[in-house]
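1. predicted coordinates and the sequence they were generated for:
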2 protein chains.
Amino acid sequence: MTRQQFRRPPTAQEAVLAELRLSIISGELRPGEQVLQDALAERFGVSRVPLREALKILEGEGQVIYRPHRGYFVAELDIDDLREVYRIRDLLESEAVRVAVPQITAEELVALTMALEDVERASASGDLVTMALANRRFHFGLIEAAQMPRLSRLVRVLWDATDVYRSLYYSDGGHREAVNDEHSAVLEAVRAGDADQAEALLRTHRERAVSALERVLPAR
Amino acid sequence: MTRQQFRRPPTAQEAVLAELRLSIISGELRPGEQVLQDALAERFGVSRVPLREALKILEGEGQVIYRPHRGYFVAELDIDDLREVYRIRDLLESEAVRVAVPQITAEELVALTMALEDVERASASGDLVTMALANRRFHFGLIEAAQMPRLSRLVRVLWDATDVYRSLYYSDGGHREAVNDEHSAVLEAVRAGDADQAEALLRTHRERAVSALERVLPAR
DNA sequence: GAGCCAGGTATTGGATACAATCTCCATCTC
DNA sequence: GAGATGGAGATTGTATCCAATACCTGGCTC
């Protein structure tokens, strides 16, 4: 059994970046709110320099908005943004699946299966954090099988942008059940080498999530 | 006649960012080369802090690679990367055109026409820098008519990633001529409201560029 | 001679201090 | 009273300085 290695971030900026992501997902930093650098830096126990570098990364991902001499503000996502993100995801993820399915390896299929089971277990026990992680492993396991690193990166950023809302979707037990059924069907199609079917199933999978979220989000 | 307003960058980081982009496009900073912070900061007449923030932006765009405690290195683009970038552009730009054509306004059409003429003039006089700028105005004028800000942003980053090679393509007079014909045909289709035709023409337009570049680029 | 270790140098990472800018509110002008 | 003006306080932007890390070179061991 290999020892679980501590991956202490090699730099403060990376540690701060991870913390910032958590703060945004958890809603501790609320949309629209200004990121007060002095206060946050003190809370993280670092100076403002690494904090600002981490914020620049988040700016590039659209998670925060930068206004010169005014500062950084947590991005607000309205329903139109959500639709746009999902539309772009549709384009990119569909391509990934079409490329991935014909060339997926046995190892990757095993990883996918395990991720799927992890989602089911976490879903049953109501552990939403674990479920979200396993869900990512499932989806990105498939996407990364396309061997298109830039595309994977873009999709990852799009997922991050809507992370806040995804947990909202999972908090409903009915949705969790649907997700599991949909995952199984997708995996089946991938195993059968039916890219078109997998693509279609994943599209439905996403559309379910969007329309559920549209009912919850403010209309702008 | 309104006076040309000075847009002096409000912060050093933005000024440095613009300079860095130029240095990369012009090849002054060569692919794979390490960005030595002290030297560059001195050359730009700023401290390392704003330089580092500008580099973080470029890192997010994939223009430079960051390795902790080692520094920033100018990204290298091989032929597979180029193909991937163009494949993603195809997906995103095709969507943009499909959305844009049915809803484009008269003002936007005028802007497009003017951009097209600017490209032709610059092409004829062999002014490659002006041509590249006008070419962007043409393409992004169309893309932005889709009113999908995130998609526009992603496409812009993809263009930036391959800027180095685009000027290579334009340096050939024959290519420049083909580009002008293709632009005219695209504009015609957009005017006629034929989104499918515009999409197809733009796809060909891109494919010409890729295959020409593939013949020039190192095979890895 | 190959490989390893130690120490010096170059370079990056981060803390602090100060400068520039914005925001807000009181005051003044008309 | 509406709008302009000016200044105090808060916040961001940048320069400088020091610490931490990586890289390179020379010497040592076997």
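-> Nice, I can see it.
2. okay, CA-based contacts and neighbour counts for the rest of this
-> OK.
3. centroid-nearest residue for chain A?
-> Centroid-nearest residue in chain A: residue A:159, 3.4 Å away (criterion: CA atoms, centre = their mean).
4. start to end distance for stretch A:56-75?
-> Start-to-end span of stretch A:56-75 (CA to CA, to the nearest Å) is 13 Å.
5. which bits of chain A sit near DNA strand C?
-> A:11, A:12, A:13, A:45, A:46, A:47, A:48, A:49, A:50, A:69, A:70 (CA under 7 Å from any atom of the strand).
6. out of the residues you listed, who has the most neighbours?
-> residue A:13 (22 neighbours; other CA atoms under 10 Å in any protein chain shown).
7. ok so, going back, what would the residues of chain A next to DNA strand C look like in a markdown table with pLDDT, distance to residue A:89 and secondary structure?
-> Output for the residues of chain A next to DNA strand C, formatted as a markdown table (pLDDT from 0 to 100; distance: CA to CA, whole Å; DSSP: H, G, I helix; E, B strand; the rest coil):
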| residue | pLDDT | distance to residue A:89 | secondary structure |
| --- | --- | --- | --- |
| A:11 | 92 | 31 | coil |
| A:12 | 95 | 32 | helix |
| A:13 | 96 | 28 | helix |
| A:45 | 96 | 37 | coil |
| A:46 | 96 | 36 | coil |
| A:47 | 96 | 36 | coil |
| A:48 | 97 | 34 | helix |
| A:49 | 97 | 33 | helix |
| A:50 | 97 | 31 | helix |
| A:69 | 94 | 33 | coil |
| A:70 | 95 | 32 | coil |
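8. contacts for the host helix or strand of residue A:39?
-> Using DSSP states H and E, residue A:39 falls within helix A:37-44. With CA atoms under 8 Å, 6 or more residues apart in numbering or on different chains as the test, helix A:37-44 has contacts from A:16, A:47, A:48, A:51, A:52.
9. ok, now with 6 Å
-> The contact list for helix A:37-44 (CA atoms under 6 Å, 6 or more residues apart in numbering or on different chains) reads A:47, A:48.
10. and that helix, average pLDDT?
-> Averaged across helix A:37-44, pLDDT comes to 96.
11. low pLDDT regions in chain A?
-> Low-confidence segments of chain A (pLDDT under 70): A:1-8, A:218-220.
12. ranges for the helices of it?
-> Assigned by DSSP state H, the helices in chain A fall at A:12-25, A:37-44, A:48-60, A:79-103, A:106-125, A:128-144, A:149-161, A:163-170, A:173-191, A:195-214.
13. return the most buried member of these.
-> With neighbours defined as mean count of other CA atoms under 10 Å in any protein chain shown, the helices of chain A peak in mean count at helix A:48-60, which reaches a mean of 22.
14. identify the residues contacting it?
-> A:13, A:17, A:41, A:64, A:65, B:53, B:60.
15. out of these, which is nearest to DNA strand D?
-> residue B:53 (7.6 Å; CA to the nearest atom of the strand).
16. hmm, back to that, reformat the helices of chain A as JSON lines; add distance to residue B:21.
-> Listed next are the helices of chain A as JSON lines, based on distance: least, CA to CA, whole Å:
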{"stretch": "helix A:12-25", "distance to residue B:21": "24"}
{"stretch": "helix A:37-44", "distance to residue B:21": "28"}
{"stretch": "helix A:48-60", "distance to residue B:21": "16"}
{"stretch": "helix A:79-103", "distance to residue B:21": "27"}
{"stretch": "helix A:106-125", "distance to residue B:21": "38"}
{"stretch": "helix A:128-144", "distance to residue B:21": "30"}
{"stretch": "helix A:149-161", "distance to residue B:21": "20"}
{"stretch": "helix A:163-170", "distance to residue B:21": "31"}
{"stretch": "helix A:173-191", "distance to residue B:21": "42"}
{"stretch": "helix A:195-214", "distance to residue B:21": "37"}
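17. quick revisit: what's the farthest-apart pair in the contacts of helix A:48-60?
-> Farthest apart among these by CA to CA are A:41 and B:60. That separation is 22.0 Å.
18. which parts of chain A sit against DNA strand D?
-> Counting by CA under 7 Å from any atom of the strand, chain A sits next to DNA strand D at A:10, A:34-38, A:48-49, A:67-72.
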